[in-house]
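*Asks:* Let's see this in three dimensions:
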Amino acid sequence: MSLVSLRDLHVTFRTRDRTVHAVNGVDLDLAPGETLCILGESGSGKSVTLRALMKLLPRFAEVRGGIQVAGQDVARMSESQLTDFRGRDVAMIFQEPMTALDPVFTIGRQISETVQRHERLSRTAAEARALELLELVQIPSAKRRLAAYPHELSGGLRQRAMIAVALACKPRLLLADEPTTALDATVQIQVLLLLRDLQRQLGMGVIFVTHDLGVAGEIADRVAVMYAGKVVEEGPVAGLMRGPLHPYAQGLLGATVHPSMRGKRLTTIPGAPPALDVAPAACAFAPRCEHAHDACLRGVPAMRGPEPARQARCVLVPEAA
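*Replies:* Predicted coordinates for the structure are as follows:
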């Protein structure tokens, strides 16, 4: 049974001045204990998909489609059910811990309150659990850090503290929204290795959003590439790194900087992503694709590929024999 099942997910933001079709028919599955990376440029719908899983979108967002997490229909949950669901079954690590953590409460208070709310522990037991969690995420001098406020910690320690808050109630699903973007390279790899180790220890399913292929290669079992609110390629991380099927995924890989490129011109993807004021009626990447032809403009391509585990939304991709 899948831990997460998204079926034909659509998210549309409607305001007085504008309509934006942010997510346009996403189908995704996540098995228990698996790590899925969602890749794509800013505005491709990655973070909106994550927030839809926790029903954290604003009221003016129109959400359609099936959202199942741990066998529960998230779309039909009441506010009281969502309060129990968030933190206990699913938790999120946000991109910027300084804005996600409450500045007027200590780190220990924020963790222990979460534990008390969901596990009905005494204050003493919850504080002991908070100390265990800070030690689990390898924060040095953990006992002293319990009394620290978010502004008293470095960026790397704040990110670890946010991970501790997210893991407080041992959720079955962890959502990570570009949690290493604001960190320097050394701290970034430390946090990635920590997340991978914790995922294996606790057996959680993880959905990790990033635009960095290096991060995906480090932490993912499987990758879904998003463009213009749709998944355009999906498959095991090793296969995508060796030979992406979709021209957009090929462009992302070609634009990745690595040491062997010294002295060479950086490959870029021409043009810009579509505005999405109107949901795409054909291949959204066609205007930027050097391989585009008439078939690309006749409708939105279906997912196809050489094997069930490797699929791409492109008419040029060969189908399984």
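*Asks:* quick one: contacts for Ala130?
*Replies:* Applying CB atoms under 8 Å, 6 or more residues apart in numbering to Ala130 gives the contacts Ile107, Gly108, Ile111, Ser112, Val115, Leu146, Ala164, Ala168. Placement of C-beta: from N, CA and C, glycine included.
*Asks:* One more: Val278?
*Replies:* His21.
*Asks:* what residue ranges in this protein score low on pLDDT?
*Replies:* 182, 261, 320-321 (pLDDT under 70).
*Asks:* okay, now the domains of the chain?
*Replies:* 4-82+173-312, 90-170 (automatic domain parsing).
*Asks:* before we move on, back to that, neighbour-wise, which one of the contacts of Ala130 leads?
*Replies:* Greatest neighbour count in the contacts of Ala130, by other CB atoms under 10 Å, goes to Ile107: 29 neighbours.
*Asks:* With distance to Glu319 as new columns, can the domains of the chain be given to me in CSV?
*Replies:* Formatted as CSV, these follow (distance: least, CB to CB, whole Å):
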stretch, distance to Glu319
domain 4-82+173-312, 5
domain 90-170, 35
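*Asks:* Tell me which of those sits nearest to Pro318.
*Replies:* Closest to Pro318 of those is domain 4-82+173-312 (CB to CB; 5.8 Å).
*Asks:* can you give me the end-to-end distance of the closest one?
*Replies:* 20 Å (CA to CA, to the nearest Å).
*Asks:* so how far is that domain from its chain's centroid?
*Replies:* 7 Å (CA atoms, centre = their mean, to the nearest Å).
*Asks:* Enumerate the positions of the longest helix seen in the chain that are buried.
*Replies:* If you go by DSSP state H, the chain has its longest helix at helix 185-202. Residues of helix 185-202 classed as buried: Val187, Gln188, Gln190, Val191, Leu192, Leu194, Leu195, Arg196, Leu198, Gln199 (neighbour count, 16 or more other CB atoms under 10 Å).
*Asks:* Check stretch 263-282 too.
*Replies:* Ile269, Pro273, Pro274, Leu276, Ala279, Pro280.
*Asks:* related to what we said a few turns ago, next, format the buried residues of helix 185-202 as JSON lines and append distance to Gly87.
*Replies:* Listed next are these as JSON lines, based on distance: CB to CB, whole Å:
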{"residue": "Val187", "distance to Gly87": "26"}
{"residue": "Gln188", "distance to Gly87": "26"}
{"residue": "Gln190", "distance to Gly87": "25"}
{"residue": "Val191", "distance to Gly87": "21"}
{"residue": "Leu192", "distance to Gly87": "23"}
{"residue": "Leu194", "distance to Gly87": "20"}
{"residue": "Leu195", "distance to Gly87": "18"}
{"residue": "Arg196", "distance to Gly87": "22"}
{"residue": "Leu198", "distance to Gly87": "16"}
{"residue": "Gln199", "distance to Gly87": "18"}
